[in-house]
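Student: need coordinates for the following:
(4 chains)
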2 protein chains.
Amino acid sequence: MEELDRQIVELLVADGRMSYTDLGRATGLSTSAVHQRVRRLEQRGVIRGYAAIVDPEAVGLPLTAFISVAPFDPSAPDDIADRLADVPEIEACHSVAGEENYILKVRVATPGALEHLLARIRSLAGVSTRTTVVLSTPYEARPPHL
Amino acid sequence: MEELDRQIVELLVADGRMSYTDLGRATGLSTSAVHQRVRRLEQRGVIRGYAAIVDPEAVGLPLTAFISVAPFDPSAPDDIADRLADVPEIEACHSVAGEENYILKVRVATPGALEHLLARIRSLAGVSTRTTVVLSTPYEARPPHL
DNA sequence: GCTGAAAATAGACTTGC
DNA sequence: GCAAGTCTATTTTCAGC
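Tutor: Below you'll find the predicted structure:
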């Protein structure tokens, strides 16, 4: 990727609502030039979208956990991700190499909610789980180092 | 949190660049009313900011991994998060309950880069590591279920 | 806390380099 | 691929309820 695009992406990751005017000032381009580049970055899929960053605690989800899952029957076709796709507490689902098949990142309100969530995941996907509770998060969702 | 605020947050998480005009249409409020509410949500820290969502593969970081770390000397004061704060490959750092002290999420370009990163983390923070490589990511960074 | 309107800004689009 | 200019939409502020 080009230096100019790299710079634009970095600026938009830091502030997704930055105006094209300011992006132009920061990069030395005209408004229409950055606008054009941003649109190309969006079309190429480099920029997938824009989102407000929400504090999970502030919206009542203070408890974060990682759940490693492994299927009861390892020979069965693996449709675990699909089976869990509609569980809203699951923020991320990664297929991984290692003892377990997936790592899930979940957010819930209370330990009780985590207990129910684990039961739901086990029965929905036919998996055993190993849960690691997050105590605190020094940092998270830092921008990629382009 | 109030229903109207919940709705606004949900809309802004889905599209961080949505205009106040459109937010007003979607919620039935006037432009200035939503604007006011958004500002209060920002001030209260419910909305921490806005960011462009970037495809890590498209910016040359196709390899994601989780690294669990535990200090060589568990009796030493724990400044691991601080010591690792300036390592740009680390996207997230969670203090966790369990066998290890922290779970790091990292993104790198190649297996070789991961090898160097692990060495750097071990020497910087004085920790042993256990690495789980991500094979694929069915979904990630889904909005919190308000 | 919401509305509605006015003024300031920024966005979208076109044309020419 | 970029700059300049025009037209439209949005942001922002404020008086009034």
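
Student: and the closest residue to A:I67 other than its chain neighbours, bridged to which residues?
Tutor: In space, and not counting its chain neighbours, A:I67 is closest to A:L104: 4.4 Å by Cβ to Cβ, 6 or more residues apart in numbering or on different chains. Yep, even glycine has a C-beta here, placed from its N, CA and C like the rest. Counting by DSSP bridges, A:L104 is bridged to A:I67, A:C93.

Student: what about A:L104, neighbour count?
Tutor: As a burial measure, A:L104 scores 26 neighbours (other Cβ atoms under 10 Å in any protein chain shown).

Student: contacts for stretch A:70-90 next, please.
Tutor: Stretch A:70-90 is contacted by residues A:69, A:93, A:95, A:99-102, A:104-108, A:113, A:117, A:120-121, A:124-128, B:138-139, B:142, B:145 when judged by Cβ atoms under 8 Å, 6 or more residues apart in numbering or on different chains.

Student: which of those fall in strands?
Tutor: Among the contacts of stretch A:70-90, DSSP state E puts A:69, A:93, A:95, A:102, A:104-108, A:127-128, B:138-139 in strands.

Student: just the buried ones from those residues?
Tutor: When the ones in strands among the contacts of stretch A:70-90 are checked for burial by 16 or more other Cβ atoms under 10 Å in any protein chain shown, the buried set is A:V69, A:C93, A:S95, A:Y102, A:L104, A:K105, A:V106, A:R107, A:V108, A:V127.

Student: tell me the two of these that are most distant?
Tutor: Within these, A:S95 and A:V108 form the most distant pair, 22.4 Å apart (Cβ to Cβ).

Student: can you pull up the most central residue in chain A?
Tutor: Taking Cα atoms, centre = their mean, the centroid of chain A lies closest to A:A92, which sits 5.6 Å from it.

Student: that one and DNA strand D, how far apart?
Tutor: 29 Å (Cβ to the nearest atom of the strand, to the nearest Å).

Student: OK, contacts around the closest residue to A:E140 other than its chain neighbours?
Tutor: Closest residue in space to A:E140, ignoring its immediate chain neighbours: B:A92 at 4.3 Å, by Cβ to Cβ, 6+ apart. By Cβ under 8 Å, 6+ apart, B:A92 lies in contact with A:T137, A:Y139, A:E140, A:A141, A:R142, B:L104, B:K105.

Student: correct me if wrong: the fourth one contacts B:E91.
Tutor: Yes. Contact between A:A141 and B:E91 holds when scored by Cβ atoms under 8 Å: they sit 6.8 Å apart.
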